[in-house]
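S.K.: A structural model of the following input is requested.
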Amino acid sequence: MISIMIQAHSLQKKFGDFCAVDNLSLEIRKGECFGLLGPNGAGKSTFIGMTYGAVERTAGDLSVFNLDPQRESRQIKKRMGVVTQENALDESLSVMENMLIYSSFIGVPSAERKKRVIDLLEYMNLAHKKDEQILALSGGMKRRLVFVRALLGKPELLILDEPTTGLDPAVRHLLWGKVKELHQEGTTIVLTTHYMHEAEVLCNRLVIMNQGKVSGQGSPQKLIEEQTPGHVGIFDVQFRDKLQQYAADKNFTFYEDASGIYLRAPRMEDLIVSGVQALQLRPANLEDVFLKLTGKELAADA
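M.R.: Here you go, the predicted model:
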């Protein structure tokens, strides 16, 4: 029997006349890495806030560990770790001081605190910085330390709210490796991210939200196969007219944004256009799905 960690049914959150989460229904299963994708304002962070009681729902049902976040948030928080968008570390204190204070706050037994902090600092490659002031840490180190903080309570459920935004590729890949390890050890993970490749690498299943609603859901590969099968060519805007006519003649998808002209076709060879040099030819990916489902992709006859 599949155990459900988070269940939402017809969930709604309004701020005045604005509906941030609109009739959302989803299930997040025990042991999976589940992605929440969507543009800014899609409702991702509002939903995350509702899962641990920081945001009260307007209507609908929501349970976490079969508990109601509005009435039982304290019990939920004991079993959950959160990597927030903001680091929220006390920069006047050292790494160790920050983590020991937080360990005390969440109820880690006093006899276990120091060892647990040191073990997690080693796990996140930060043990050599344990006595450093927070001010002396790089941005990547601070993000890794926020992971340490989220893991101090040995959470069953780990919420990662845009955990790698602004990090260089080396740090991002380090954190991806740690997330995969935690997932393999049985931790249920909920990830919000603007990096489509991150979601493809880490997530078993995901939903794409837009304007508070679910626009699509499934595994990354299933969504790609259903929504944007085939291959994509990226071209310079100087070839717009020729490419738009080619797409219309072939009934291929054509869209344009600030980065260039995009054509999607069933086969790679369909994207070889006489007299036009492609900037890139590649298989369709989750970014193409995102653009389509959030209304950013133009139709073939646009």
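
S.K.: all helices for the chain, in order.
M.R.: Secondary structure of the chain (DSSP state H): helices at 44-51, 73-78, 95-105, 110-123, 139-151, 169-184, 196-202, 220-227, 240-250, 286-293.

S.K.: Let's have those helices in a markdown table, adding mean neighbour count, mean pLDDT and distance to residue 158.
M.R.: Heads up, the C-betas are built off the backbone N, CA and C, glycines and all. Shown next, in a markdown table, are the helices of the chain (neighbours: other CB atoms under 10 Å; pLDDT from 0 to 100; distance: least, CB to CB, whole Å):
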| stretch | mean neighbour count | mean pLDDT | distance to residue 158 |
| --- | --- | --- | --- |
| helix 44-51 | 23 | 94 | 12 |
| helix 73-78 | 16 | 92 | 13 |
| helix 95-105 | 18 | 95 | 15 |
| helix 110-123 | 15 | 95 | 13 |
| helix 139-151 | 20 | 94 | 6 |
| helix 169-184 | 15 | 92 | 6 |
| helix 196-202 | 20 | 94 | 12 |
| helix 220-227 | 17 | 96 | 19 |
| helix 240-250 | 15 | 95 | 43 |
| helix 286-293 | 22 | 93 | 21 |
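
S.K.: now those in JSON lines, with distance to residue 278?
M.R.: Below are these laid out as JSON lines (distance: least, CB to CB, whole Å):
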{"stretch": "helix 44-51", "distance to residue 278": "33"}
{"stretch": "helix 73-78", "distance to residue 278": "50"}
{"stretch": "helix 95-105", "distance to residue 278": "48"}
{"stretch": "helix 110-123", "distance to residue 278": "43"}
{"stretch": "helix 139-151", "distance to residue 278": "34"}
{"stretch": "helix 169-184", "distance to residue 278": "24"}
{"stretch": "helix 196-202", "distance to residue 278": "20"}
{"stretch": "helix 220-227", "distance to residue 278": "20"}
{"stretch": "helix 240-250", "distance to residue 278": "10"}
{"stretch": "helix 286-293", "distance to residue 278": "15"}
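
S.K.: and of those helices, who's closest to residue 273?
M.R.: Nearest to residue 273, of all those, is helix 240-250, at 5.5 Å by CB to CB.

S.K.: picking up where we left off before, among the helices of the chain, which comes closest to residue 62?
M.R.: Nearest to residue 62, of all the helices of the chain, is helix 44-51, at 5.9 Å by CB to CB.

S.K.: Can you pull the domain assignment for the protein?
M.R.: Domain ranges of the chain: 4-224, 231-283, per automatic domain parsing.

S.K.: Can you lay out the ones you listed as JSON lines showing distance to residue 289?
M.R.: Shown next, in JSON lines, are the domains of the chain (distance: least, CB to CB, whole Å):
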{"stretch": "domain 4-224", "distance to residue 289": "5"}
{"stretch": "domain 231-283", "distance to residue 289": "11"}
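
S.K.: for these, which one sits closest to residue 293?
M.R.: Residue 293 lies closest to domain 4-224 among the domains of the chain, at 4.0 Å (CB to CB).

S.K.: So which of the helices of the chain is nearest residue 84?
M.R.: Nearest of the helices of the chain (CB to CB): helix 139-151, 7.0 Å.

S.K.: Tell me which other helices or strands that closest one touches.
M.R.: Applying 3 or more CB pairs under 8 Å, 6 or more residues apart in numbering; DSSP states H and E, we find helix 139-151 packed against strand 80-83, helix 95-105, helix 110-123, strand 157-161, helix 169-184.

S.K.: can you put those in JSON lines and add distance to residue 253?
M.R.: Shown next, in JSON lines, are the helices and strands packed on helix 139-151 (distance: least, CB to CB, whole Å):
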{"stretch": "strand 80-83", "distance to residue 253": "36"}
{"stretch": "helix 95-105", "distance to residue 253": "49"}
{"stretch": "helix 110-123", "distance to residue 253": "44"}
{"stretch": "strand 157-161", "distance to residue 253": "32"}
{"stretch": "helix 169-184", "distance to residue 253": "30"}
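
S.K.: Which one of the ones you listed lies nearest to residue 36?
M.R.: Counting by CB to CB, residue 36 lies closest to strand 157-161 out of these; the figure is 8.9 Å.

S.K.: what's the angle between the closest one and helix 139-151?
M.R.: Relative orientation of strand 157-161 versus helix 139-151 (axes from the mean of the first three to the mean of the last three CA atoms, to 10 degrees): 150 degrees.
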